[in-house]
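# got a predicted model here, sequence first, then my questions.
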Amino acid sequence: MSSLTTILRFLFQSVGLGLVVAAVVILLLPRFSLNGNTALNSDASILSFNTAVNRAAPAVVNIYSMSEMEGSYYQPRSSRVWRLGSGVIMNSRGYILTAEHVVDNVDEVLVALQDGRQYAAQLIGSDYYTDLAVLKIEANNLPVIPTPADQHVSVGDIVLAIGNPYNIGQTITQGIVSASGGRVSVSRSSYTDLIQMDAVINQGASGGALVNTAGQLIGINNARYNNAFGDGIEGIYFAVPYTTAQDIMETLISEGRVVRGWIGISVNPNSAEQALPSGLQVTGVDRDSPAAKAGLQPNDIITRIGDKPVSSAAEGMREVVNSKPGSALTIEFLRGNQQQEVSVITEEPPSR
């Protein structure tokens with residue numbers, strides 16, 4: 001009798017287990033494709049940036065700029081040299097933001113849209129210190145890049161860089177934000193507060209769009225980090241924040257150039273991370289600059305500019321840049337353990 005009970009118990013357990021497995025298979029079967037692949041269907045959660053790319057990519061253009069190269073001893077005749085870059089259509093009036101180094105000192109600029117249209121572009125203005133330039137094309141039905149109402153970029157955000165590297169066609173690279181600001185002296189000067197990320201920017205992608213996962217513009221792709229030997233470091237790339245780029249664009253459109261304050265110092269962007277006193281560390285002073293005339297020296301730690309305390313390099317340089325040439329800035333600083341104060345008269349940055 002006990003043997004029969006054991007057999008029946010075994011059968012009931014086997015049948016029960018089989019029913020459970022069948023139920024699981026029935027529930028999961030729709031999630032698998034008919035050909036046996038494990039690709040998820042449209043009802044499952046798929047991580048894709050397709051919507052963001054479709055919103056932003058049509059407004060990212062290819063830029064071809066041409067300049068005449070003078071002849072040499074071995075090649076007496078002058079030749080045409082084409083430079084490659086990218087740009088972003090900012091509004092329906094045909095204004096395009098790009099990097100200044102893409103269109104610097106060129107004779108002709110051609111803009112190619114993703115739908116195949118091509119237009120000659122007019123250079124409205126450029127700003128060396130932020131590496132930004134504004135172009136204009138005469139065209140209708142232009143795709144315009146979506147922009148955020150309030151820009152909020154945080155460390156760890158996923159971003160997409162869109163451009164035309166090496167003229168192979170529009171390319172999207174993906175990365176995360178390493179710093180949402182504060183990277184100042186890694187650019188051409190200490191005037192640009194940059195976004196740092198690891199979305200790749202190769203030659204030809206400069207001036208393209210850095211967008212968030214909603215397809216909204218958060219920056220204009222700028223450059224990658226170079227070490228002291230001029231070697232490009234992979235994984236460290238920069239973009240000018242959208243808010244800065246928008247301000248520069250509006251100024252260039254209305255006035256043709258950007259006027260800013262300058263005192264002639266180089267700064268350490270990482271003062272706050274190196275156990276230094278809170279403030280802006282001066283690493284260099286230009287000869288005959290306003291800072292030199294006022295007596296500032298390398299290794300001084302600027303703690304206050306005007307009536308505002310300075311806690312970082314980006315914050316301090318922003319106060320200088322936003323001052324009008326001819327303004328008197330009261331600067332408090334530490335030299336060793338001694339607190340000092342000077343008055344610096346700002347000037348326009350020297351021409352290149």
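Done, it's in. All figures in this text were calculated on a predicted structure; none of them were measured in a lab.
# from here on, contacts and neighbour counts on C-alpha atoms
OK.
# give me the pLDDT value at the closest residue to K324 other than its chain neighbours.
Leaving aside its chain neighbours, K324 sits nearest to G261 (5.2 Å; criterion: C-alpha to C-alpha, 6 or more residues apart in numbering). For G261, the model assigns a pLDDT of 89.
# from N212, how far out is G261?
For G261, the distance to N212 equals 32 Å [C-alpha to C-alpha, to the nearest Å].
# isn't V258 right up against E250?
No. Using C-alpha atoms under 8 Å, V258 makes no contact with E250, being 9.8 Å away.
# hey, what's the residue nearest to the spatial centre of the chain bridged with?
When the chain is reduced to its mean C-alpha position, the nearest residue by C-alpha atoms, centre = their mean turns out to be A239, at 1.5 Å. Counting by DSSP bridges, A239 forms beta bridges with I195, N221.
# wait, it sits on L210?
Yes. A239 lies in contact with L210 (C-alpha under 8 Å); the separation is 7.2 Å.
# what residues are shared contacts of those two?
Common contact partners of A239 and L210 (C-alpha atoms under 8 Å, 6 or more residues apart in numbering): G219, I220, N221.
# a markdown table for the residues you listed, including pLDDT, distance to S343 and neighbour count?
Formatted as a markdown table, those follow (pLDDT from 0 to 100; distance: C-alpha to C-alpha, whole Å; neighbours: other C-alpha atoms under 10 Å):
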| residue | pLDDT | distance to S343 | neighbour count |
| --- | --- | --- | --- |
| G219 | 95 | 35 | 28 |
| I220 | 96 | 35 | 33 |
| N221 | 95 | 37 | 32 |
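# JSON lines for the residues you listed, including distance to N167?
Listed next are the shared contacts of A239 and L210 as JSON lines, based on distance: C-alpha to C-alpha, whole Å:
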{"residue": "G219", "distance to N167": "21"}
{"residue": "I220", "distance to N167": "18"}
{"residue": "N221", "distance to N167": "16"}
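# just name the closest of those to I124, please.
Nearest to I124, judged by C-alpha to C-alpha, of those is I220 at 17.2 Å.
# surely the closest one meets Q246?
No. Between I220 and Q246 there is no contact under C-alpha under 8 Å: 9.9 Å.
# show me the shaky parts of the chain.
For the chain, residues meeting the criterion pLDDT under 70 lie at 1-45, 69-79, 181-192, 224-233, 269-277, 352.
# quick one: the strands in the stretch 51-200 of the chain, in order.
In the stretch 51-200 of the chain, the strands defined using DSSP state E, counting those that start in this stretch lie at 60-69, 79-89, 95-98, 108-112, 118-120, 122-127, 132-136, 158-163, 171-183, 194-197.
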